[in-house]
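S.K.: no sequence on this one, just coordinates:
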């Protein structure tokens with residue numbers, strides 16, 4: 001029993017309950033132990049607030065789980081973490097930015113091409129509780145009218161790599177700034193920041209649908 005309690009406590013502390021990815025606390029511990037060389041990617045879901053506003057938080061949770069499932073399988077030896085809301089970070093030990101950018105672009109395209117249906121329907125009509133149900137005519141309940149929307153999302157990604165005499169907080173900040181440029185540049189793209197060599201800008205591909 002004691003072992004089970006310890007295991008559950010560890011899981012709650014180091015694993016994100018919604019997505020199953022490593023949590024922010026796990027990221028803090030992993031980044032503290034990280035040694036150069038390494039690359040860091042920050043990933044943010046584009047227009048995530050509009051998903052919650054237009055389709056509800058249940059759909060938003062579905063989007064988070066979908067994106068997390070793709071991040072969990074990123075190549076290049078990356079380890080993904082959910083660090084808050086729709087924000088994720090991927091650590092790549094023993095890699096520089098140029099070595100991981102293609103893995104991240106494949107991740108970006110895989111997320112963009114993933115779609116799912118959002119279903120909605122009207123509630124069934126209910127007989128008023130004040131009505132005399134014994135005398136009220138029996139009616140066959142109408143099937144709820146259903147509609148569906150094909151939904152897909154994209155992500156923007158910023159990358160930075162370790163450099164001499166730079167603390168990891170500085171590298172994370174450089175990755176954040178690269179993410180900001182990706183957002184400003186039209187979203188659904190990758191930007192490389194800091195002292196990493198520049199890569200050709202990623203061109204947005206066509207989407208099946210947008211929230």
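M.R.: Received it, and whenever you're ready, just let me know what you need. The structure presented is a predicted model; accordingly, all values stated were derived computationally and were not measured.

S.K.: This structure: helices as residue ranges?
M.R.: Remark: helices assigned in the chain by DSSP state H are 2-14, 24-33, 48-55, 57-71, 97-113, 168-184.

S.K.: do you know which of those helices lies nearest residue 78?
M.R.: Smallest distance to residue 78 across those (Cβ to Cβ): 6.8 Å, for helix 97-113. Just so you know, the C-beta spots here come from the backbone N, C-alpha and C atoms, and that holds for glycine as well.

S.K.: can you redo the helices of the chain as CSV with mean neighbour count?
M.R.: As requested, these are exported to CSV (neighbours: other Cβ atoms under 10 Å):
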stretch, mean neighbour count
helix 2-14, 10
helix 24-33, 14
helix 48-55, 16
helix 57-71, 18
helix 97-113, 19
helix 168-184, 19
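
S.K.: Measure how buried the nearest residue to residue 87 once chain neighbours are set aside is and give me the count.
M.R.: Nearest residue to residue 87 in three dimensions, chain neighbours excluded: residue 44, at 5.5 Å (Cβ to Cβ, 6 or more residues apart in numbering). Using other Cβ atoms under 10 Å, residue 44 has 20 neighbouring residues.

S.K.: Residue 44 and residue 154 touch, don't they?
M.R.: No: counting by Cβ atoms under 8 Å, residue 154 is not a contact partner of residue 44; they are 10.1 Å apart.

S.K.: List the contacts of the residue lying closest to residue 116 once chain neighbours are set aside.
M.R.: Distances taken as Cβ to Cβ, 6+ apart place residue 151 nearest to residue 116, at 6.1 Å, with adjacent residues excluded. Applying Cβ atoms under 8 Å, 6 or more residues apart in numbering to residue 151 gives the contacts 51, 55, 59, 63, 115, 116, 117, 118, 209, 211.

S.K.: Surely the fifth one and residue 152 touch.
M.R.: The reference is to residue 115. Yes: assessed by Cβ under 8 Å, residue 115 is found in contact with residue 152 at 4.4 Å.

S.K.: Residue 179 versus residue 189, what's the distance?
M.R.: Separation of residue 189 from residue 179 (Cβ to Cβ, to the nearest Å): 10 Å.

S.K.: what is in contact with these two at once?
M.R.: Common neighbours of residue 189 and residue 179 (Cβ under 8 Å, 6+ apart) are 156, 157.
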